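Student: compute the structure for the input listed below.
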Amino acid sequence: GNRPVCVKVLRPNIEQVIRQDMVLLHDVAAFVTKISADGRRLRLPEVVQDYDLTINNELDLGLEAANTIRLRLDFAESPLLYVPRVHAELSTPKVLTLERIFAAPMGDVEGLIAAGTNMAKLAERGVETFFTQVFENNYFHADMHPGNIFVDISNPDDPSWVAIDCAIMGELSRSDRLYLARSLLAFLNRDYRAVARLQLESGWVPANTDLDALTEVVKAVCEPVFNKPLAEIEFGPFLVTLFGAAQDFDLQVQPQLVLLQKTLLNIEGLGRQLYPELDLWSIARPFMERWMTAQLGPETT
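Tutor: Down below sits the predicted model:
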């Protein structure tokens, strides 16, 4: 039938432009690594290499089509997230044809409120969508800026999310997911020594690190944000303290987690705009406890 569609087309010669930019980025990373100890700790060549793969994946619309189909399947029966249908017969590696969706732009917070949207429910569903993607499906949308996220307000009291542009997707190894889950649960239980011990066990800080000193620093960084709603957390000072601590303890950057960290920053920004009263921790705790129990048995939580 005559159903409306959206068509995404690659720009002409874009591959060449990106190749030139990436050569420059690789050179800069190599140079900074050569002249700076911090540069080595940040593992810039590996981060740039990961980014190179990511951006080249964005140039393959056939891959984006496959990503979109997989994410749509992951949430096929879920009220949390809708992903548009792919018209595979009208798609190629350079042309992607999708079902056209009609939804409110996530960035129009005033419009969402004026439409009577249940903002608390929307924000909570956003957090749950994120945790479901990262921990249960191990497949997360890693480009969640406001241009890619919409809200279905056909029933404003029961809003749900709509995601487009599945060019950049993230996956984590089981060990990384377990490390993150254990760290998050230790944080939620205010067990800062356990958070510090996990950093040591995972090899993220050198083996000779003083556990007591690291515990004190973890506590100093984490305690000010604990149990506060988003509106009351000052993320700027928090990040400055965190990076300072990472420097002092020679914490290694984990390139495989860069996409996740980028996604977290995106989501934190969305949450602040949408519903600053959101209590992230009260939603996170039961989710993480359920997931850990399913993974490792009841004695772990």
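Student: next up, phi/psi of residue 99, please.
Tutor: Here is the backbone geometry of residue 99 (degrees, to the nearest 10): phi -60, psi 140.
Student: what about the strands in this protein?
Tutor: For the chain, applying DSSP state E gives strands covering 5-9, 81-82, 95-99, 104-105, 140-141, 149-152, 160-163, 169-170.
Student: okay, those, which one's buried deepest?
Tutor: strand 140-141 (a mean of 24; mean count of other Cβ atoms under 10 Å). For glycine as for every other residue, the C-beta is placed from the backbone atoms N, C-alpha and C.
Student: test my guess that residue 267 contacts residue 123.
Tutor: No - counting by Cβ atoms under 8 Å, residue 267 stays clear of residue 123, with 10.1 Å between them.
Student: which one of the two has more residues nearby?
Tutor: residue 123 (24 against 17; other Cβ atoms under 10 Å).
Student: picking that back up, could I get the strands of the chain as CSV with distance to residue 33 and mean pLDDT?
Tutor: Listed next are the strands of the chain as CSV, based on distance: least, Cβ to Cβ, whole Å; pLDDT from 0 to 100:
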stretch, distance to residue 33, mean pLDDT
strand 5-9, 36, 96
strand 81-82, 39, 97
strand 95-99, 37, 97
strand 104-105, 40, 94
strand 140-141, 29, 94
strand 149-152, 35, 96
strand 160-163, 35, 96
strand 169-170, 24, 92
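Student: could you dump the ones you listed into a markdown table with distance to residue 263 added?
Tutor: Listed next are the strands of the chain as a markdown table, based on distance: least, Cβ to Cβ, whole Å:
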| stretch | distance to residue 263 |
| --- | --- |
| strand 5-9 | 21 |
| strand 81-82 | 14 |
| strand 95-99 | 22 |
| strand 104-105 | 19 |
| strand 140-141 | 6 |
| strand 149-152 | 12 |
| strand 160-163 | 12 |
| strand 169-170 | 7 |
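Student: and stretch 136-156, what's buried?
Tutor: Going by neighbour count (16 or more other Cβ atoms under 10 Å), the buried part of stretch 136-156 is 139-144, 148-153, 156.
Student: any idea which of these is closest to residue 246?
Tutor: Closest to residue 246 out of these is residue 142 (21.9 Å), distances taken as Cβ to Cβ.
Student: what sits against the closest one?
Tutor: 54, 168-170, 259-260, 262-263 (Cβ atoms under 8 Å, 6 or more residues apart in numbering).
Student: where helices are concerned, which of those residues count?
Tutor: 54, 259-260, 262-263 (DSSP state H).
Student: quick one: least confident of those?
Tutor: Across those, the smallest pLDDT goes to residue 262, namely 79.
Student: what's the distance between that residue and residue 251?
Tutor: 18 Å (Cβ to Cβ, to the nearest Å).
Student: could you do residue 151 as well?
Tutor: Residue 151 is 37 Å from residue 251, by Cβ to Cβ.
Student: and residue 108, how close does it get to residue 150?
Tutor: 10 Å.
Student: over to residue 114?
Tutor: Applying Cβ to Cβ to residue 114 and residue 150 gives a distance of 16 Å.
Student: ok, back up a step: can I get the buried residues of stretch 136-156 in TSV including distance to residue 272?
Tutor: Conversion of the buried residues of stretch 136-156 to TSV gives the following (distance: Cβ to Cβ, whole Å):
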residue	distance to residue 272
139	26
140	20
141	19
142	19
143	18
144	14
148	17
149	14
150	18
151	16
152	21
153	20
156	21
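Student: any idea how far residue 24 is from residue 18?
Tutor: Distance from residue 24 to residue 18, by Cβ to Cβ: 11 Å.
Student: look at the closest residue to residue 140 other than its chain neighbours and report its pLDDT.
Tutor: Using Cβ to Cβ, 6 or more residues apart in numbering and skipping residues adjacent in sequence, the residue nearest residue 140 is residue 133, 3.8 Å away. Residue 133 carries a pLDDT value of 95.
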